[in-house]
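A.B. asks: sequence and predicted structure are below.
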There are 2 protein chains.
Amino acid sequence: MARAATTADAFNAVAEVRRRQILDTLAGGERGVTDLVARLDLPQPLVSKHLRVLREVGLVEVREQGRERVYRLNAESLKPISDWVRNYERLWTQRLDRLDAVVRELKEKEQGHDSRNE
Amino acid sequence: MARAATTADAFNAVAEVRRRQILDTLAGGERGVTDLVARLDLPQPLVSKHLRVLREVGLVEVREQGRERVYRLNAESLKPISDWVRNYERLWTQRLDRLDAVVRELKEKEQGHDSRNE
DNA sequence: TTGACACATTCCCATATAAGCATATGATCG
DNA sequence: CGATCATATGCTTATATGGGAATGTGTCAA
């Protein structure tokens, strides 16, 4: 088996930096393709291809306006990623908390008694 | 150019479901490879390969204990993902808020006056 | 109708993956 | 030392990607 398709889910779609850049740009509001091309300084076909992937995963939606295609972000599709990663945030903050605790302990020891081992 | 290497960053490493499962398992505590193999019901070489990718990205760390290699999670390496996605969480909660507002407005209209168009 | 504009699609290629299978490496025990 | 356990690595194959270049498609204006 090869790697899962980029269109398999949000995780795979978002793994590509350019696609994240596109989403970041769309977070600022709807944009036509030409606008995106200008802002990202990428060849138009490339942008269109990435947009297609994002569309297939539901991360963006299109609206036709004359001869323009206005893309907009659909942030909800990022929820699976958000949900998954949230369970881990606890872990590194905990770790920092514990570090804080250790630091406090050390300070108390330092002030209270003599230092056992320098 | 082909797709970015899976070892390019956490985004790419985590795109693979199996690798996420491994991380999920390690979130419950350190585990040796054989233990992981049993829990995930995957061929050992496959697990080892995935672990290597995770190691190269810094998502896990190893400790040698006799002839065992105990892997542990390094959650901080998920921070880039967490940081990136956090900016979007706002967007869909906002959207829900706005929906709430719309619903409230509709209810008020419904109760206050007659309905213009059913 | 013709031309310009806004996008999407197609073809091509270098690259590298995930998984399967076999085998190598390294530590431990008798 | 030889056998065994615990992991890692090597090799192969099917698959599909991102990007480049060229071209197709649909819309609007003159």
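C.D. replies: Here it is on my side, so go on. Numbers count the residues shown, from 1 in each chain, chains lettered A, B, ... in the order given.

A.B. asks: which stretches in chain A count as strands?
C.D. replies: With DSSP state E applied, chain A shows strands at A:31-32, A:60-65, A:68-73, listed in chain order.

A.B. asks: what pairs with the second one, parallel or antiparallel?
C.D. replies: In this case it means strand A:60-65. Using DSSP bridges, strand A:60-65 pairs in its sheet with strand A:68-73 (antiparallel).

A.B. asks: how about residues contacting the partner strand?
C.D. replies: Under the contact criterion C-beta atoms under 8 Å, 6 or more residues apart in numbering or on different chains, strand A:68-73 has outside partners A:23, A:26-27, A:29-34, A:36, A:51, A:55, A:59-64, B:88, B:91. Every residue, glycine included, has its C-beta placed from N, CA and C.

A.B. asks: do stretch A:21-39 as well
C.D. replies: Outside of stretch A:21-39, the residues within contact range by C-beta under 8 Å, 6+ apart are A:14, A:40, A:43-44, A:47-48, A:50-51, A:54, A:59-60, A:63, A:65, A:68-73, A:75, B:87-88, B:91.

A.B. asks: one more time with 10 Å
C.D. replies: Stretch A:21-39 is contacted by residues A:13-14, A:16, A:40, A:42-48, A:50-51, A:53-54, A:59-63, A:65-75, A:77-78, B:84, B:87-88, B:90-91 when judged by C-beta atoms under 10 Å, 6 or more residues apart in numbering or on different chains.

A.B. asks: those in helices, which ones?
C.D. replies: Per DSSP state H, helices hold the following members of the contacts of stretch A:21-39: A:13-14, A:40, A:44-48, A:50-51, A:53-54, B:84, B:87-88, B:90-91.

A.B. asks: now those residues: which count as buried?
C.D. replies: A residue is treated as buried here by neighbour count (16 or more other C-beta atoms under 10 Å in any protein chain shown); on that basis the buried members of the ones in helices among the contacts of stretch A:21-39 are A:Ala13, A:Val14, A:Leu40, A:Val47, A:His50, A:Leu51, A:Val53, A:Leu54, B:Trp84, B:Tyr88.

A.B. asks: okay, now A:Arg67: neighbour count?
C.D. replies: The burial metric for A:Arg67, expressed as a neighbour count using other C-beta atoms under 10 Å in any protein chain shown, is 6.

A.B. asks: picking that back up, and the buried ones among the ones in helices among the contacts of stretch A:21-39, which is closest to DNA strand C?
C.D. replies: Taking C-beta to the nearest atom of the strand as the measure, DNA strand C lies nearest A:Leu51 of these, at 5.3 Å.

A.B. asks: pLDDT below threshold where in chain A?
C.D. replies: Applying pLDDT under 70 to chain A picks out residues A:95-118.

A.B. asks: now with 90?
C.D. replies: A:1-2, A:90, A:92-118 (pLDDT under 90).

A.B. asks: quick check: domain ranges of chain A?
C.D. replies: With automatic domain parsing serving as the domain definition, the record reports that chain A contains domains spanning A:10-73, A:78-116.

A.B. asks: now the ones you listed as a markdown table including distance to DNA strand C?
C.D. replies: Shown next, in a markdown table, are the domains of chain A (distance: least, C-beta to the nearest atom of the strand, whole Å):
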| stretch | distance to DNA strand C |
| --- | --- |
| domain A:10-73 | 3 |
| domain A:78-116 | 17 |
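
A.B. asks: wait, A:Leu51 sits on A:Leu40?
C.D. replies: No: contact criterion C-beta atoms under 10 Å: A:Leu51 and A:Leu40 do not qualify, at 11.0 Å.
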